[in-house]
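Visitor: no sequence on this one, just coordinates:
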C-alpha cells in the first residue's frame, strides 16, 4: 500500500475510496505498519520541531523552546499514543456497532478508525509554527470521513449513521485530548 496515494484518495474522493477500502483485506497489523506508522510520524516530527527548534514567542518577545530531551521524548510519546488512540477507537467502534444496527468486525472498525484519522495526522504539519497551530482544526474533516465510512465499514443503516458518527468523533476527540494532556503533563510539549 502506498500511504501517500491512499491519503490523497481518502481526502479528495472519500466516497469512492471507502468503496475500495471496503473490498480490501483489512489486516490491522499491515495497516498499522504501512499506513499508521508512516502518517503518525507527521505530527510527531512537526511538533518536535515546533516545540524544540522553533519555539514559542511569549510576552516580552522572548522565545521559549522545550529542551531537546523533552521535545524528542514528547514526540515519541505522542507517536505511540497516536497509534494507541487509533487502536482504542477501533475497539470502541467494534463494540458499539451493534447498538447502531451495525455488525461487529474489528478489521472494518480498524480501517474506519485509521483512514478517518488521516486529516488529523496530515494537519500535524501545522504544529511547526505557533501561529499556525489553529489550523490543526482542519483535522475535523475526519468527522466527515467517519460519516461517509460508517455505513460501509460497519453496515450500520444510513438513518442511524449520524448518531454513530457523533459518538465516534466524540470518542476520538476525548482520546486525543487525554493523550495530548498526558504528553504536555509529562514532557511539557504540546500534543496534537
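Guide: Received, thanks. None of the values given here were measured: they were computed from a predicted structure.
Visitor: Okay, now the unreliable bits of this protein?
Guide: For the chain, the stretches with pLDDT under 70 are 133, 188-192.
Visitor: which residues in it form helices?
Guide: Applying DSSP state H to the chain gives helices spanning 3-12, 14-23, 28-31, 37-39, 41-48, 68-96, 106-116, 118-122, 141-154, 161-187.
Visitor: export those helices to CSV and tack on distance to residue 59?
Guide: C-beta here means a position set from N, CA and C on the backbone, and glycine is covered the same way. Compiled in CSV, these are given as follows (distance: least, Cβ to Cβ, whole Å):
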stretch, distance to residue 59
helix 3-12, 38
helix 14-23, 42
helix 28-31, 45
helix 37-39, 35
helix 41-48, 22
helix 68-96, 22
helix 106-116, 38
helix 118-122, 30
helix 141-154, 33
helix 161-187, 20
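Visitor: I'd like to know how far the closest residue to residue 70 other than its chain neighbours sits from residue 43.
Guide: Nearest residue to residue 70, sequence neighbours excluded (Cβ to Cβ, 6 or more residues apart in numbering): residue 187, at 4.6 Å. For residue 187, the distance to residue 43 equals 14 Å [Cβ to Cβ, to the nearest Å].
Visitor: circling back to that earlier point, out of the helices of the chain, which gets nearest to residue 55?
Guide: Residue 55 lies closest to helix 68-96 among the helices of the chain, at 10.0 Å (Cβ to Cβ).
Visitor: Report the angle between the closest one and helix 106-116.
Guide: Taking axes from the mean of the first three to the mean of the last three Cα atoms, to 10 degrees, one finds helix 68-96 and helix 106-116 inclined to each other by 130 degrees.
Visitor: before we move on, back to that, surely the residue nearest to residue 70 is in contact with residue 74?
Guide: Yes: counting by Cβ atoms under 8 Å, residue 187 touches residue 74, with 3.4 Å between them.
Visitor: Same drill for the two, tell me which one is more crowded.
Guide: Neighbours per residue, other Cβ atoms under 10 Å: of residue 187 and residue 74, the larger number sits with residue 74, 25 against 22.
Visitor: How about residue 57: which residues does it bridge to?
Guide: residue 63 (DSSP bridges).
Visitor: That one contacts residue 63, doesn't it?
Guide: Yes: between residue 57 and residue 63 there is a contact at 5.4 Å, judged by Cβ under 8 Å.
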